[in-house]
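# Only the shape, not the letters, is given here:
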């Protein structure tokens, strides 16, 4: 079966970082500072109410830069809170002025698994979940499991807890869309790296409705079983992007990324114990809220966490989550892709 990459506006159609309304027409935005670009975009699009929230988010973020890890979660959380309010305002999604999540310590020693978080039915987190199409019905998760479900700290998690928690994320390369020759049948495909091109991994991806493309022999290509229509001509060609957007949203439930000079994409495995089927933005928001609660009300408990084996994991989360979270929210606000520019030095 012959097929080729779908080209749109002169470029191959690839996976987009925005989940709900990706703009496949725009070029990738190279930014050193999300705050300034999104502020400019909000002004240009006349989202002045959202602009106020975004400015507050930026101020809280700047206030956290030189603050110790035992205190910065407080200002970082309020940065995240206002960034989400900006997103919800742009998208005309109503929200209740409440956090939407709360935490408590269950019985036992100081451990991330004993930090319990509830996703409430109302509040900012609930509205963010609604935006991503997630239910929010007072589900309770441990802080440990929330951190397990984030790709940017997954390596730190697995090194902190080397047993009992299998790797949850499978790296993929060149995620893009292709179309069958002489047909309008199209699908998503990607490559598995050499270290992941084995029967064990292929068995895992089959549970996610992926399969190996046996027509490719020089590398391990997997493809989504589900298909969508992409027309080369005719009146139906005008609605190609609508069908792609719906299909893309379903794929992004299975595929997540890490922000950087090159976007790193990962399949998230399904059906494992402690796997949480939620968007990373909602997970980051809830996790930071819990750590900020400890910083506000129980700093001695937070200090104890930093004295134990989870010290590195919590530190990586606090330091890395602002870049990941603000990138995700920026993509959703503008519907654009963002990437950190590579710095080239003269010879």
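Here it is on my side, so go on. Computed from a predicted model, the values in this text were never measured in an experiment. Numbers count the residues shown, from 1 in each chain.

# Give me the neighbour count for residue 307.
9 (other CB atoms under 10 Å). The C-beta positions use only the backbone N, C-alpha and C, and glycine is treated the same way.

# try residue 37
17.

# Could you look up the SS state of it?
Under DSSP: H, G, I helix; E, B strand; the rest coil, residue 37 falls in the helix class.

# Next, the contact list for it, please.
Listed by CB atoms under 8 Å, 6 or more residues apart in numbering, the contact partners of residue 37 are 29, 31, 330, 334, 338.

# looking at the chain, which helix or strand does the model trust least?
helix 199-206 (a mean of 86; mean pLDDT, DSSP states H and E).

# Out of the contacts of residue 37, which two sit at the greatest distance?
The most widely separated members of these, counting by CB to CB, are 31 and 334 (10.6 Å).

# More neighbours: these two, which one.
Neighbour tally, residue 31 and residue 334, criterion other CB under 10 Å: the higher count belongs to residue 334, 21 against 17.

# hmm, back to that, just the contacts of residue 37: which are in strands?
If you go by DSSP state E, the contacts of residue 37 have 29, 338 in strands.

# Closest one of the contacts of residue 37 to residue 297?
residue 330 (30.6 Å).

# thought the closest one was touching residue 337?
No - look at residue 330 against residue 337 with CB atoms under 8 Å: they stay out of range, at 9.9 Å.

# Pull the distance from the least confident helix or strand of the chain to the chain's centre.
The chain centre lies 23 Å from the centre of helix 199-206; the measure is CA atoms, centre = their mean, to the nearest Å.

# Parallel or antiparallel, list what pairs with the helix or strand just after that helix.
Going down the chain from helix 199-206, the next helix or strand is strand 210-212, by DSSP states H and E. The strands beside strand 210-212 in its sheet (DSSP bridges) come out as strand 221-224 (antiparallel).

# Strands of the stretch 51-200 of the chain, start to end?
Taking DSSP state E, counting those that start in this stretch as the test, the strands found in the stretch 51-200 of the chain are 101-105, 115-119, 139-142, 169-180, 185-192.

# what comes up buried for the shortest one?
Okay, so that is strand 139-142. Within strand 139-142, the residues scored as buried using 16 or more other CB atoms under 10 Å are 141-142.

# Counting by contacts, list what it packs against.
strand 115-119 (3 or more CB pairs under 8 Å, 6 or more residues apart in numbering; DSSP states H and E).

# now the strand it packs on against strand 101-105, angle please.
Counting by axes from the mean of the first three to the mean of the last three CA atoms, to 10 degrees, strand 115-119 points 160 degrees away from the direction of strand 101-105.

# Mind listing what's buried along strand 115-119?
115, 117-119.

# out of residue 330 and residue 337, which sits in the busier spot?
residue 330 (26 against 22).

# For the more buried one, give me its contacts.
34, 37-38, 336, 338.

# May I ask which two of the residues you listed are separated the most?
34 and 336 (10.7 Å).

# how about the strands of the stretch 51-200 of the chain in a markdown table, adding mean pLDDT and distance to residue 61?
Output for the strands of the stretch 51-200 of the chain, formatted as a markdown table (pLDDT from 0 to 100; distance: least, CB to CB, whole Å):
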| stretch | mean pLDDT | distance to residue 61 |
| --- | --- | --- |
| strand 101-105 | 95 | 20 |
| strand 115-119 | 97 | 22 |
| strand 139-142 | 97 | 25 |
| strand 169-180 | 96 | 26 |
| strand 185-192 | 96 | 33 |
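
# Columns distance to residue 25 on top of those, output as JSON lines?
Below are those laid out as JSON lines (distance: least, CB to CB, whole Å):
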{"stretch": "strand 101-105", "distance to residue 25": "36"}
{"stretch": "strand 115-119", "distance to residue 25": "35"}
{"stretch": "strand 139-142", "distance to residue 25": "37"}
{"stretch": "strand 169-180", "distance to residue 25": "15"}
{"stretch": "strand 185-192", "distance to residue 25": "18"}
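
# just so I know, which of these lies nearest residue 14?
Closest approach to residue 14 among the strands of the stretch 51-200 of the chain (CB to CB): strand 169-180, 4.5 Å.

# got the angle for the closest one vs strand 185-192?
Using the same axes, to 10 degrees, the direction of strand 169-180 lies 150 degrees away from that of strand 185-192.

# Show me what counts as buried in strand 169-180.
Buried, per 16+ other CB under 10 Å, within strand 169-180: 169-172, 175, 177-179.

# helices and strands around that strand, which ones?
strand 3-5, strand 185-192, helix 199-206, strand 255-258, strand 264-268.

# out of these, which comes closest to residue 214?
Residue 214 lies closest to helix 199-206 among the helices and strands packed on strand 169-180, at 10.7 Å (CB to CB).

# Could you tell me the angle between the closest one and strand 169-180?
If you take the same axes, to 10 degrees, helix 199-206 sits at 60 degrees to strand 169-180.
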